[in-house]
Structures are given as structure tokens and as C-alpha cells.
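In: sequence first, predicted coordinates after that:
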Amino acid sequence: MIKNPSALKYFKQISKRAKNMKIAVFLDYDGTLSPIVDDPDQAFMSDAMCSAVRNVAKYFPIAIISGRSRDKVDGLTELFYAGSHGMDIVGPVSHTEFDVHPNCIRSTDQQGKEVSLFTPAREFIPMIDEVFKTLVENTKDIKGAKVENHKFCASVHYRNVEEKNWPTIVQCVHDILKDYPRLRLTHGRKIRPVIDWNKGKVVEFVLKSLGLSERDDVLPIYIGDDKTDEDAFKVLREGDRGCGILVSSVPKESNAIFFVREISEVQKFLETLVKWKKLEAKQQHAEQTLIEE
């Protein structure tokens, strides 16, 4: 906690660095915006958190990067959404590299609004679907086991499984993956394609899509609680490019610079960020008025 001071207590330090900078906000979902629960289908943002995220989107470019499939976190049209650890990204239509990339297509969202879809692992969809069906069949007799298909990756949940049956699940997953050398098992029993793509790459891609990657007046802020978020923290820490904030109630080794203890503090940080931006805008307006007079 000494290495990673509180983002709330040190907000003045963050805001001092952010003065006259363009901030881009990146957020993990589970454990950051919504609570981690036994049934992942029941993990939702609270109304207050939704409001906080929506208000942030009024002032800053914002992206949610989740291990979930994109359709399970999508909902606010103002945002970039990256599901399946960034292998399924949707964002506003632009005229940048986001739109001309070979793995990018134009589509329409649920409201009929035109959007851009980027799927760097599209070729793996049939393979993931095949593995998902096999996992469901092979774990159906293990009480409490649940398998999720995130379209570009699959997750095996064992929170509700008796501990004595954990080795059975582990062996089941390993046995299946023997036939799929292009897939790998990552932290938390997640099965993902073997491609050079992670949350850090997503941050760089979104910044480039927004035309912000080559500017020296941009401060990306990334908030997350998972090991997969470390790739993003590392990208921002290298060259002091941005600010990583770890969500954790206990001390952890991390590439993040700051921490918050729980989801309620994430919400408070986002609300504080918006208040600061409003105040800064008022001050800039007042200064401009004085200059004109």
C-alpha cells in the first residue's frame, strides 16, 4: 500500500498532473464496476455506478475492457466496449485506423446506430464454440461447475464446486486442450486463443483509434482488479505514459501506481474526476473571459 498510495487520498497529485491534459479512462468490469458474485450472470453495475460512468463519458473518452463477452457488458452507447479480453471491440465510427483495419467491420447497435466492430481473433470463434460444448458435456456431472462461452474465449467457473472436485475440473480442461494447440489456459481457468493480444494492446489500440497515441498531452487512466489488467498497468507505467489504479483491499504486487480498496471507491474516484473536470472548465472559462476583457 506504500508502493501504491490511495488514488482518493492522492487525487490532488493526479489532478495536478492532469491539468491541461486530455484524459482517457479505461475500466475493467467484474470487481471494478460490478461486484464479483457466485453467478456471473448476476453481476451488474448499480444504478449509481451506471450514472457515474455515464457522467465520465460526458467529459472523457472512455472504454470498458472485460473478460466477459461484449454483449454482457454493452449498454452505454457513448463508450468503447472491449469484450473477451479485447478480442471483440465495438466503438463509434471514426476515420482512423480503427475503421480501415482488415479485422474491422461496420455494423449497427441495438439502437440502430452505426458502429465499428474490431475482432482480431475472429477465426477462433468456431474452435471456441467447439471447446465450450465439449466442456459443458464433460463437466455436467460436477455439481456447481459452470462453463461460459464468451465468443472469443471460454471460462470454467468452479466457485460453487466442492474443493475436493477441483482437480477433476482442472484435469478435464487440460485433457480437452491437448487437442487444441492454438488455445491456452490462463489465470482463472480461462481458455483463450494463442495470439499476441491483451488488455495492454487494447489500451494502445483504442488510443490510436481516437487519434491520441502520438500526442504528449494525453493521460490515460486505467482501473482494474484482475491479473489480466496488469498488462494495461504495465503499458501505462512504461515511459510514465499514464496512471494505473488497482482495485484491492489487500496489498499486492502490481504495475499500478495507485489503488482503491473496493468498488464503492472506484465510483467515488469517478465522481471526483468529473467534479474536478467541471471545476477546471469553469476556471478556464473565467481565465478566458479575463483575457478577452
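Out: In hand now; what should we look at?

In: so where's the stretch 101-250 of the chain uncertain?
Out: Residue ranges of the stretch 101-250 of the chain with pLDDT under 70: 101-116, 188.

In: doesn't Ile195 make contact with His85?
Out: No: in this structure, His85 is not within contact of Ile195 by C-beta atoms under 8 Å, at 10.4 Å. Yep, even glycine has a C-beta here, placed from its N, CA and C like the rest.

In: compare these two (neighbour count), which wins?
Out: Neighbour tally, His85 and Ile195, criterion other C-beta atoms under 10 Å: the higher count belongs to His85, 26 against 15.

In: and the gap between that one and Asp229?
Out: Here His85 is placed at a distance of 10 Å from Asp229 (C-beta to C-beta, to the nearest Å).

In: shared neighbours, those two?
Out: Lys199 (C-beta atoms under 8 Å, 6 or more residues apart in numbering).

In: quick one: secondary structure of the nearest residue to Lys190 once chain neighbours are set aside?
Out: In space, Lys190 comes closest to Ser155 once its chain neighbours are excluded; the distance is 5.1 Å by C-beta to C-beta, 6 or more residues apart in numbering. Taking DSSP: H, G, I helix; E, B strand; the rest coil as the rule, one finds Ser155 in the strand state.

In: residues touching Asp175, list them.
Out: Counted by C-beta under 8 Å, 6+ apart, Asp175 has contacts Asn138.

In: and it, how far is that from Ser51?
Out: To Ser51, Asp175 is 46 Å away according to C-beta to C-beta.

In: do the same with Arg17
Out: 26 Å.

In: which residue is the nearest non-sequential neighbour of the residue positioned nearest the centre of the chain?
Out: Centroid-nearest residue in the chain: Ile65, 2.0 Å away (criterion: C-alpha atoms, centre = their mean). Spatial nearest neighbour of Ile65, excluding adjacent residues (C-beta to C-beta, 6+ apart): Ala82 at 4.3 Å.

In: pretty sure the one you found belongs to a strand, no?
Out: Yes: Ala82: assigned to a strand according to three-state DSSP.

In: list the contacts for the nearest residue to Thr139 once chain neighbours are set aside?
Out: Leaving aside its sequence neighbours, Thr139 sits nearest to Ala145 (C-beta to C-beta, 6+ apart; 4.3 Å). Counting by C-beta under 8 Å, 6+ apart, Ala145 touches Thr139, Val156, His157, Tyr158, Asn160, Val161, Asn165, Ile169.

In: can you check Pro35 too?
Out: Residues near Pro35 by C-beta under 8 Å, 6+ apart: Ala43, Ile263.

In: ok, what's across the strand from the residue nearest to Ile65?
Out: Ile65, Ile89 (DSSP bridges).

In: any figure for the gap between it and Asp39?
Out: 23 Å.

In: one more: Gln171?
Out: If you go by C-beta to C-beta, the gap between Gln171 and Asp39 works out to 24 Å.

In: so who does the residue nearest to the centre of the chain touch?
Out: Contacts for Ile65 were tallied using C-beta under 8 Å, 6+ apart; they are Phe26, Leu27, Asp28, Tyr29, Ala82, His85, Gly86, Lys199, Val202, Val203, Gly224, Ala232.

In: adding distance to Ala121 and secondary structure, write those out as a markdown table.
Out: As requested, the contacts of Ile65 are exported to a markdown table (distance: C-beta to C-beta, whole Å; DSSP: H, G, I helix; E, B strand; the rest coil):
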| residue | distance to Ala121 | secondary structure |
| --- | --- | --- |
| Phe26 | 20 | strand |
| Leu27 | 22 | strand |
| Asp28 | 19 | coil |
| Tyr29 | 19 | coil |
| Ala82 | 12 | strand |
| His85 | 9 | helix |
| Gly86 | 9 | helix |
| Lys199 | 14 | helix |
| Val202 | 12 | helix |
| Val203 | 17 | helix |
| Gly224 | 21 | strand |
| Ala232 | 18 | helix |
